[in-house]
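Novice: Give me a 3D structure for the following:
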Amino acid sequence: MRLRDGRAISSTLRHGDRSAGRFVALHVRVRPATTQPSRQSGWPDEAVRGEVGRLAVSRVAVVASKKVGGAVARNRAKRLLREAVHRAAVPPSSDSVLVARPGCGEARAQDVVSEVAVLYERLPHIAAGK
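Specialist: Next up, the predicted model:
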């Protein structure tokens, strides 16, 4: 599921766990596991708007600035990162923001996919769950 809310993206970038590689910087924030969403929870997500059944869904945002390259390189980088997320073990009930770094648009697909998988495994809340 895509993470589109600007406040949730900013919150994930500021307060989430960070892991960076050569082609991508990964920010992950695990949402609290609740069955009853609270309007005071500070999490601007779908649960606050009444979609209680979707609390365990992972949400992902992909960002590529002009530092990555022109429009073609940025779009290719975002496609590569979305594919990498589909193949990676994304933690449930989490918000992830993948920020493409310069060179990501020209990288081989397999390199980006393997790097994203390694970055998810490096995060503390993932390692603790094993």
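Novice: Can you tell me how far Ala61 is from Arg108?
Specialist: Distance, Ala61 to Arg108, using CB to CB, to the nearest Å: 23 Å. All C-beta spots, glycine's among them, are computed from the backbone N, C-alpha and C.
Novice: out of those two, which sits in the more crowded spot?
Specialist: Ala61 (20 against 10; other CB atoms under 10 Å).
Novice: Surely that one is in a strand?
Specialist: Yes - the assignment for Ala61 (DSSP: H, G, I helix; E, B strand; the rest coil) places it in a strand.
Novice: Quick one: residues contacting the residue nearest the centre of the chain.
Specialist: Central residue of the chain (CA atoms, centre = their mean): Ser96, 2.1 Å from the mean position. Going by CB atoms under 8 Å, 6 or more residues apart in numbering, Ser96 touches 3, 12, 26-28, 58-61, 85, 90.
Novice: List the contacts of the closest residue to Leu13 other than its chain neighbours.
Specialist: For Leu13, ignoring the flanking residues on the chain, the nearest one in space by CB to CB, 6 or more residues apart in numbering is His27 at 5.2 Å. Residues near His27 by CB under 8 Å, 6+ apart: 12-13, 16-18, 96-99.
Novice: if you set the cut-off to 6 Å instead, what comes out?
Specialist: Remark: with contacts taken as CB atoms under 6 Å, 6 or more residues apart in numbering, His27 is in contact with 12-13, 16, 18, 97.
Novice: angle of the helix or strand where it lies against strand 59-63?
Specialist: Element membership of His27, judged by DSSP states H and E, is strand 24-30. Strand 24-30 and strand 59-63 meet at an angle of 150 degrees, taking axes from the mean of the first three to the mean of the last three CA atoms, to 10 degrees as the criterion.
Novice: Any buried residues in strand 24-30, and which?
Specialist: Within strand 24-30, the residues scored as buried using 16 or more other CB atoms under 10 Å are 24-30.
Novice: which of these lies closest to Lys67?
Specialist: Ala25 (11.7 Å; CB to CB).
Novice: Many thanks, we can stop here.
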